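> turn this into a model:
(3 chains)
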Amino acid sequence: MIIVSIEIENFLSYYKKNRLDFDLGPTVILGQNNTGKSKLFDAFNWVLYDRAFKTTEEVWAETKDWREDLINRKAKAECRNGEYVACSVCLTFLDEDENKYLLAREYSLPKSNEGNWQIPRNSDLSLTRTDAVTSNDTNFYDRDAEEQLLMLFPENLSRYFLFQGENISQIMSLSNKSAFTKALRDLSRIEVFEKAKAYADKVLKNLKRDFENKADADNALHERKIRLSQEIDKLKEDVAFQDEQFDNECRERNIQKEQFEKKNNELKMFEECAAILRESDYLEAQRLTKNELRASLITNQKRDVFDKWMYAGTDAILNRFLSFYKQNKIEKKIPEPIRQEFIKEMLAEHKCKVCGSDAADESDAYKKIASFLNDRSLDKEIELINQLSMVADNMLDKVTRIPEEIKEFYLSLQEVEDQIRSLQNKIKAKEEELRSIIPSGISEDEIKAKNFIQIQRDRDRFKNDLDGSESKINQIKGRRDFLKKELDNKLEEYESLIAQSSNTKEKERFQLAEKVNASTSQFYDHFLNRIISDIEENANKFFTQMTIKNAALSGKVKVDFANKEVYTIDEAGTRLFNINQANKVSLQIAFVAAVLDVSNRFWDNYFPFIADAPISALGGNNKLTAIDTMIEIFNQSIVILKDDALTYDPDNLRNDVVRTMIMGNSAIKNAYELVMEGDNEQEQHTLIKKIK
Amino acid sequence: MIDSPIDPSLLVNVDAFHYENTYRRLCHSDTGKASKDLTFPTMWELFVWGAVLGYSKNSPKEIEKRHPSPPFRWQQIKDPHLHLLIVMAIDKLQSFDILKQPDDLRKNIESFSNGGLYLLHEELALDPLAYQNIESLINQIQSRFTTQS
Amino acid sequence: MAIKNSDVMRQIEMMLKGIKEKDLQQYTIIKELLSEVYLEYNTGRNRNVERKLTDLIDAEVSFKLKPTQQ
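Predicted coordinates for the structure are as follows:
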């Protein structure tokens, strides 16, 4: 089956007529929250099975009691008195022989002249089949249309080709084995053979009764036959009872296992959260230290700023001063200071040693020389000038080194800032990681305060119950095997008695019924085993494909039908118990994909894979490979994806990454984006944009 | 160190405008006491900063209205800053004679610091965060020689 | 109503091949049984398969016993 287009009119968030076209191969539909993604998925469900997701109760439900809620609010608001408003979904598709089908479901809601809604309960369904060869149209309506439709899209399979990611744990929970069994039975249509077997059993029972009720000519033979038959019936009853016990105990074990896994997951989740919080705290402490380091780097630099760096750029002034000083020095404008000893010497010798004249006591020259005694003003001035030149020289030396020092300062600052930034990114990534695993409504503080020991105790209690259940199952198995052996012996004896019977017709009927019964059983086993091994092989292929880029341990898929479980094993065939969440989800998708793919190939009847948020539960780097796999596996896939625009984690799936993938993947011919248009709640409706 | 010719006990004159708008904004209040949270821990450091700016950009400006109670004395300007200011004053006048007129020397330095602070004030008007913290000071310093080269 | 997808029957026939070669009687019955069950499974409507199977067996037995009665 290939979906050609869907046309949605006034249905939920879709106002007036909206149309999406599909090709063979993948179509990706992107949309942020509340843009009509799930409403599109609802449209597929409604047109095919008259069901939709009832958001008020969070369940999938038939719409017969709430159809008026399906009509678009804006369309309803615009409906005038005495008129009616209608919503419809039309699906166009082709079957394997290229016959074309137009399926339409419509619901009309009249409004009285007084403005009251008159709510009819029925929706109209019509199916038009256009023959590929003759182009003749055949029309079917309501019940007939529904009957035809169920042959084209069996409802039992619908949960798998109309795949809802957000409910994946409910449909595919590893611990809930019955869901897996159901998946297997639904998708592989094992039920057909199971039913055949049941009918064969029933008919055999009737014919056996006819055979036994007719008295045989040989009375002794007849009595033995009756007695043996009773014994066989009793043994069969016992075996059936053990079978039932086995089934019951398996169910019991499944419940315990589910509880155990739930607790175990809860514990793991809390431990994981706590570990992330611890790592976050550690990173935060590191960040604070680095912040302090940065602050102290700056504070330490403060002294240099005021001691020397503020003179940066004054080298010209300092140089000019020093030249001026030197020039004055050369021109002897700055005399050497006169030492006091030298003055005292001149006075003692009565001679001026500067100009060479005599200086007798009390002479002018003597007085002049004496005036320099104890007057240090000139010396002081000259010394100050010399001192200034030294200070200037000293600073000039420092000033020339400032650029280099500032560069060094910036480098060390840069280094610390880089470290801070890297720590900040790590913290943000941790926050994102935490958000992805933390259950809504639980705060960080609550996780920190969580009593792990209590959860651990609960888990261990469930584990004990589980172990007890397992050993009970083994006991039942043993008893059942013993009874079966005894039954086989009796049956052998009974066979020989049948051969001796003279009631030919009854005997023949009974024997033929037995043969049919045996063949049907064989047929069932053969069919089942073949499908299981096919599924296992495919699931393995897809699982490997999806997890190839994930470093975490993934293993091989094992479909263990005898124990009705799907799990992963290592190279040596030992079951793996600790696979991570991403791989668990991948395993589930791989399994659904495998069963659907095998079913498609086996029955040569392709179903499109329509998936709403198939990977929302999938974390980290499995996302893109999961999308790639989905695209590759199915003849036609319509994948509705949530646009995760706001995320800090570089490994997470952001809309730009998805867009790049859409544009870069030549297999994807159509891609749409859903956006919400309208200013207020009354006006808001989905708008479809074609992006590829 | 040889004492400067300027009487250390004298108060350093600052313009009332700068006292109100620049000193009080960038330094610790009246006492001039250092505080690690401020860009300029003391007022004399801002005075020196202004003078270096004034001399570098050759931008003297007479004090228009002297603040009635100047906040610090010449002795508070630590070595070797005062000496360096004198060096710049000598360079500006191209004469050592100024050393013999301490009053003129004082006025010269005060007017260049005053002029420098006007430049600083203009910068602040353009970029109010230019003197926000020590980092912005370092940026300022770096821009001096990057624009020069 | 005919079986919608002939390929389904082809698959079943392939699997029945072994029985056909050994026991035509049984083959006829099982083939008919499976097509009826398949229809019932797909449409969800009761097709009285139990009766039909009994009739099929009776018919085959009557056919087998006829020459010996003559």
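
> wait, is residue A:673 part of a strand?
Yes: judged by DSSP: H, G, I helix; E, B strand; the rest coil, residue A:673 forms part of a strand.

> now do the same contact list for it.
A:29-31, A:643, A:688-689, A:691 (C-beta atoms under 8 Å, 6 or more residues apart in numbering or on different chains). Bear in mind the C-beta positions are built from the backbone N, C-alpha and C, glycine included.

> lowest average confidence, helix or strand, in the chain?
Chain wasn't specified; assuming chain A. helix A:168-172 (a mean of 50; mean pLDDT, DSSP states H and E).

> actually chain B
Quick look at chain B via mean pLDDT, DSSP H and E: least confident is helix B:134-148, a mean of 79.

> that one packs against which elements?
The helices and strands touching helix B:134-148, judged by 3 or more C-beta pairs under 8 Å, 6 or more residues apart in numbering or on different chains; DSSP states H and E, are helix A:219-307, helix A:377-437.

> give the buried residues for that helix.
B:134, B:137-142, B:144 (16 or more other C-beta atoms under 10 Å in any protein chain shown).

> name the nearest of those relative to residue C:19.
residue B:139 (92.1 Å; C-beta to C-beta).

> how near is the closest one to residue B:123?
12 Å (C-beta to C-beta, to the nearest Å).

> give me phi/psi at residue A:9?
Main-chain torsions, residue A:9, degrees, to the nearest 10: phi -130, psi 120.

> got a list of what it touches?
Here residue A:9 is in contact with A:16-18, A:86-89 (C-beta under 8 Å, 6+ apart).

> dig out what it forms beta bridges with.
residue A:17, residue A:88 (DSSP bridges).

> what does chain B put close to chain A?
Contacts of chain B with chain A, taken as C-beta under 8 Å from any C-beta of the partner chain, map to B:1-5, B:36, B:41, B:45, B:48-49, B:52, B:55-56, B:80, B:83-84, B:86-88, B:90-91, B:94, B:96, B:99-100, B:133-135, B:137-138, B:141-142, B:144-145, B:148.

> so who does the spatially closest residue to residue B:19 that is not a sequence neighbour touch?
In space, and not counting its chain neighbours, residue B:19 is closest to residue B:67: 4.2 Å by C-beta to C-beta, 6 or more residues apart in numbering or on different chains. Taking C-beta under 8 Å, 6+ apart as the criterion, residue B:67 is in contact with B:13-16, B:18-19.

> just the buried members of these?
By 16+ other C-beta under 10 Å, the contacts of residue B:67 give B:13-15, B:18-19 as buried.

> run a quick neighbour tally on residue 54.
Picked chain A for this. Look at residue A:54: counted by other C-beta atoms under 10 Å in any protein chain shown, it has 16 neighbours.

> the chain in question should be chain C.
Count around residue C:54 with other C-beta under 10 Å applied: 19.

> quick one on the thing from earlier: among the contacts of residue A:673, which pair sits farthest apart?
For the contacts of residue A:673, and using C-beta to C-beta, no pair is farther apart than A:643 and A:688, which are 14.2 Å apart.

> returning to that earlier point: buried members of the contacts of residue A:673 into PyMOL, please.
Per 16+ other C-beta under 10 Å, the buried members of the contacts of residue A:673 correspond to this PyMOL selection:
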select buried, chain A and resi 29+30+31+643+688
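
> follow-up on the earlier one: which among the residues of chain B next to chain A end up buried?
Buried, going by 16+ other C-beta under 10 Å: B:4-5, B:41, B:45, B:48-49, B:52, B:55-56, B:80, B:83-84, B:86-88, B:90-91, B:96, B:99, B:134, B:137-138, B:141-142, B:144, out of the residues of chain B next to chain A.

> might you report the residue contacts of the residue nearest the centre of chain B?
By C-alpha atoms, centre = their mean, the mean C-alpha position of chain B lies nearest to residue B:47, the distance being 2.3 Å. Taking C-beta under 8 Å, 6+ apart, we find residue B:47 in contact with B:12, B:14, B:72, B:77, B:113.

> re earlier: so which of the residues of chain B next to chain A belong to helices?
Of those, the ones assigned to helices by DSSP state H are B:45, B:48-49, B:52, B:55-56, B:83-84, B:86-88, B:90-91, B:134-135, B:137-138, B:141-142, B:144-145, B:148.

> give me the pLDDT for residue 2.
Defaulting to chain A. pLDDT, residue A:2: 92.

> the chain in question should be chain C.
For residue C:2, pLDDT reads 28.

> top helix in chain B by residue count?
helix B:102-126.

> which helices and strands does that one pack with?
Against helix B:102-126 (3+ C-beta pairs under 8 Å, 6+ apart) you get helix B:16-18, helix B:43-56, helix B:81-93.

> and the shortest one, how far from the chain's centre?
Offset of helix B:16-18 from its chain centre (C-alpha atoms, centre = their mean, to the nearest Å): 13 Å.

> next structured bit after that helix?
helix B:24-26 (DSSP states H and E).

> strands - which of the contacts of residue A:673 land there?
Residues of the contacts of residue A:673 located in strands (DSSP state E): A:29-31, A:688-689.

> quick check, nearest of those residues to residue A:445?
residue A:31 (34.1 Å).

> wait, the closest one sits on residue A:613?
No: shown here, residue A:31 and residue A:613 do not form a contact pair, counting by C-beta atoms under 8 Å, at 10.0 Å.

> now the common contact residues for these two.
A:37, A:640-642.

> out of those, who's nearest chain C?
residue A:640 (28.0 Å; C-beta to the nearest C-beta).

> lovely, talk soon.
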